[in-house]
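[1] Everything below, folded, please.
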Amino acid sequence: MAEAPFYPGAMNALALLALVVPAESSTDGSPQPWFTVGPLLSVSRRQEDTAWGVGLESTLNVAMHNNRLDSFKSGAVGVFGQAQWMDGDHARLCGGVQGNFLIFGLETGVAHETGTAASRATTSLHLAPFLGFGYGSVGVRFSLPFENGRDLSGRLPYGREIGLTLTLKKPFSPML
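    Residues are numbered from 1 along each chain as shown. Predicted coordinates:
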């Protein structure tokens, strides 16, 4: 009996297919909690510096109103968490609450970036309006630091940030 050919990209193709196959949903349009997880990419600007980030974002939408796309009343409120590796030298962790209506959404929360040799650890207010498209989103994030001034070693905190974010997320429902 002949052995089936092996295609090296087959596992990668199956993993990508898992991202586009819709999760189970309610047929009657009743509210369902949704959990999503996936990669997060960002590019941001502070003063004269540009930073790149790669990481993960997850969301748990717990208060839903009519999760059918054909309804004008579709919306959700939940919590989100993000972890990113920024410029290859420090972490950015963020969490808070998120709401969306149709394709429009807003995240608000607190972000913390770890220190480097050039900058001290900084905690900031995180605001990010976004547009959600089924399995992903594109957004603009604003970070406003709570700290100012130098630390004992003379390092300044990271400054105000404006950035562009892109996510791809696999939904899982019903979660609860």
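
[2] Which neighbouring residues are in contact with the closest residue to Phe133 other than its chain neighbours, exactly?
    Using C-beta to C-beta, 6 or more residues apart in numbering and skipping the chain neighbours, the partner closest in space to Phe133 is Ile103 (6.7 Å). In this view, the C-beta of every residue, glycine as well, is placed from N, C-alpha and C. Counting by C-beta atoms under 8 Å, 6 or more residues apart in numbering, Ile103 touches Leu131, Gly132, Phe133.

[3] want to throw those residues into JSON lines with pLDDT, neighbour count and distance to Thr108?
    Listed next are those as JSON lines, based on pLDDT from 0 to 100; neighbours: other C-beta atoms under 10 Å; distance: C-beta to C-beta, whole Å:
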{"residue": "Leu131", "pLDDT": "95", "neighbour count": "14", "distance to Thr108": "16"}
{"residue": "Gly132", "pLDDT": "89", "neighbour count": "21", "distance to Thr108": "16"}
{"residue": "Phe133", "pLDDT": "84", "neighbour count": "11", "distance to Thr108": "21"}
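
[4] which stretches of the protein form helices?
    The residue ranges that make up the helices of the chain, judged by DSSP state H, are 10-20.

[5] just to revisit the earlier point, any idea how far Val43 is from the residue nearest to Phe133?
    Remark: distance between Ile103 and Val43 (C-beta to C-beta, to the nearest Å) = 22 Å.

[6] from memory Gly132 sits against Phe101, does it?
    No - in this structure Gly132 lies outside contact range of Phe101 using C-beta atoms under 8 Å: 9.9 Å.

[7] Report pLDDT for the residue nearest to Trp52 when sequence neighbours are not counted.
    Leaving aside its sequence neighbours, Trp52 sits nearest to Val43 (C-beta to C-beta, 6+ apart; 5.5 Å). Note on Val43: pLDDT of 97.
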